[in-house]
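1. Please find the sequence and the predicted model below.
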Amino acid sequence: MPDPARFEILSGLGAKGPACIRLRTGRHVWLLDIGSGPEADAPFHPEWLDGADAVFISHDHVDHIGGAVHAVRAGLPIRCTAQTARALPPGARVQVLPERGETVIDGIRLVTGRDGHALGGIWMWFDLGEGLFYSGDWSAESRWFAFDMPRVTAGTALIDCSYRRDDVSQDRRRVELDATLDALAPEVQVLFPVPPSGRAGELALHLLPRGGVTLDDTCREAVRVALASDGVTPRARDLRPLLDRPFDPAARYLICDTPDADGGMAARMVQDWRGQGRLGRDARVVFTGHMTSPARAIVDEGGLFRRWNVHPPLHDQIAMVRQLRARRFAPLFCEDPADYLSEPGFAAAPLLDGWGLL
């Protein structure tokens, strides 16, 4: 008789760190995400792969996919969407998952849906016990990425709570960003460092009515791929004119890779502006996501932080857990998950010990 299905959160509970969850189905051992970072001192631990039969990856951001090279070296099959597979190292044994739909793997039904967070990103529901839902990163507020609300029930929900109990809506975030930009003198250039498959398109869509928007080559290609996919909303088509325009370093609003300005065109622009004595004066850097140490150093030089929601605020976390009719949930990717013990909105118990039976 097979052992009961169970899960163990190897990393991702109690910190904004690498995502990695071990799922024992009773017959096999699967890993859900194999991340590293986002901080430099948060690596993927290869021993997490011990005993694993396969890897499932929710999306292509480093804190969910950064350990993929170890899975490839181990010869493990990697199950992810075709878009996410583009970010895998050469030699990966890819088994493609649908962005939305049902798959049966080793007799276990898996339902996937678009996560509203990254191109090709998915949430996953496993038909084990009372049901296990793993969100990866997700957002229900995006005007760029498509999001599929799950139509399943799950006794256990492992959900992205990166913003903890912050409950500021994306509509409010847009107003705050606009106010910041409106307060800058017209001659000030603004750099938005972004993950190309993440906020690049969304910020471009928001800034488009202002004019003067340019995408670096990496972001422009990511937007091009997104527009050819089923992963974005109909409004995304408004960005098509930007695809024919080369990157203009003299534009008012620059959207560039990487998100912490520690590489890519974003790093080059910061270096140029610093050398010209412009950084923090008539050339400003606006960070909109999680900031690692390179980004924090730039803020100290006159950069700005204005959060752009790419994870769920509290009211959406609550709505998700209620939608799933979960009895318990693990608040992932945040510090102090015990804070959820005092949050009355959830009709489920916070799971803080990092494992459980299904």
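-> Received the coordinates, thanks. Residues are numbered from 1 along each chain as shown.
2. Beta-bridge partners for residue 159, please?
-> Beta bridges link residue 159 to residue 331, judged by DSSP bridges.
3. A strand includes residue 113, no?
-> Yes - note on residue 113: a strand contains this position according to DSSP: H, G, I helix; E, B strand; the rest coil.
4. isn't it right up against residue 145?
-> No - in terms of Cβ atoms under 8 Å, residue 113 does not count as a neighbour of residue 145; the distance is 11.9 Å. Heads up, the C-betas are built off the backbone N, CA and C, glycines and all.
5. ok, residue 280 - contacts?
-> Listed by Cβ atoms under 8 Å, 6 or more residues apart in numbering, the contact partners of residue 280 are 301-303.
6. can you give me the strands for the stretch 151-300 of the chain?
-> For the stretch 151-300 of the chain, strands defined by DSSP state E, counting those that start in this stretch occupy the ranges 156-160, 189-193, 213-215, 253-256, 283-287.
7. Off-centre distance for stretch 284-300?
-> Taking Cα atoms, centre = their mean, to the nearest Å, the mean C-alpha location of stretch 284-300 is offset from the chain mean by 17 Å.
8. Mind listing what's buried along that stretch?
-> Within stretch 284-300, the residues that count as buried by 16 or more other Cβ atoms under 10 Å are 284-292, 294-295, 298.
9. contacting residues around it?
-> So stretch 284-300 is in contact with 16, 37-40, 162, 177, 180, 184, 188-195, 198-199, 203, 259-262, 266, 270, 279, 302-308, 310, going by Cβ under 8 Å, 6+ apart.
10. Emit the PyMOL select command for whichever of those are buried.
-> The following PyMOL command selects only the buried members of the contacts of stretch 284-300, with burial defined by 16+ other Cβ under 10 Å:
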select buried, resi 16+37+38+162+177+189+190+191+192+193+194+195+198+199+203+259+260+261+262+266+270+279+303+304+306+307+308+310
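11. Just the ones in helices from the contacts of stretch 284-300, please.
-> Secondary-structure check on these using DSSP state H: residues within helices are 177, 180, 199, 203, 266, 270.
12. pLDDT check: weakest of those?
-> Across the set of the ones in helices among the contacts of stretch 284-300, residue 199 stands lowest in pLDDT, at 91.
13. that older thread, tell me which of residue 113 and residue 145 has more neighbours.
-> Applying other Cβ atoms under 10 Å to residue 113 and residue 145 shows that residue 145 carries more neighbours, namely 27 against 23.
14. Once you drop chain neighbours, what's closest to the residue nearest the centre of the chain?
-> By Cα atoms, centre = their mean, the mean C-alpha position of the chain lies nearest to residue 137, the distance being 4.6 Å. Spatial nearest neighbour of residue 137, chain neighbours left out: residue 117 (4.4 Å); criterion: Cβ to Cβ, 6 or more residues apart in numbering.
15. all helices of the stretch 101-250 of the chain, in order?
-> Under the criterion DSSP state H, counting those that start in this stretch, the stretch 101-250 of the chain carries helices at the ranges 170-182, 199-207, 217-227.
16. Indicate which one of the strands of the stretch 151-300 of the chain is closest to residue 105.
-> If you check each of the strands of the stretch 151-300 of the chain against residue 105 by Cβ to Cβ, strand 156-160 wins as the nearest, at 18.3 Å.
17. Check which residues of the closest one are buried.
-> In strand 156-160, residues buried by neighbour count (16+ other Cβ under 10 Å) are 156-160.
18. What of stretch 328-345?
-> Residues of stretch 328-345 classed as buried: 328-334, 337, 340 (neighbour count, 16+ other Cβ under 10 Å).
19. quick check, nearest of those residues to residue 237?
-> Using Cβ to Cβ, residue 333 is the member of the buried residues of stretch 328-345 that lies nearest residue 237, at 31.7 Å.
20. could you list every residue that touches the nearest residue to residue 98 once chain neighbours are set aside?
-> The spatial neighbour of residue 98 that comes closest, neighbours along the chain excluded (Cβ to Cβ, 6+ apart), is residue 112 at 5.9 Å. When the contact criterion is Cβ under 8 Å, 6+ apart, the partners of residue 112 are 81, 97-103, 122-125.
21. ok, what's across the strand from residue 112?
-> residue 101, residue 124.
22. which residue sits closest to residue 222, ignoring its sequence neighbours?
-> Excluding the flanking residues, the one nearest residue 222 by Cβ to Cβ, 6+ apart is residue 196, at 3.7 Å.
23. now do residue 313
-> Nearest to residue 313 is residue 167, by Cβ to Cβ, 6+ apart, at 4.9 Å.
24. swap in residue 24?
-> What sits nearest to residue 24 in space, not counting adjacent residues and going by Cβ to Cβ, 6+ apart, is residue 6, at 5.1 Å.
25. so how many other residues sit close to residue 165?
-> By other Cβ under 10 Å, the residues close to residue 165 number 16.
26. how near is it to residue 290?
-> Residue 165 sits at a distance of 17 Å from residue 290 (criterion: Cβ to Cβ, to the nearest Å).
27. likewise residue 193?
-> 12 Å.
28. check which helix or strand covers residue 329.
-> Using DSSP states H and E, residue 329 sits in strand 328-332.
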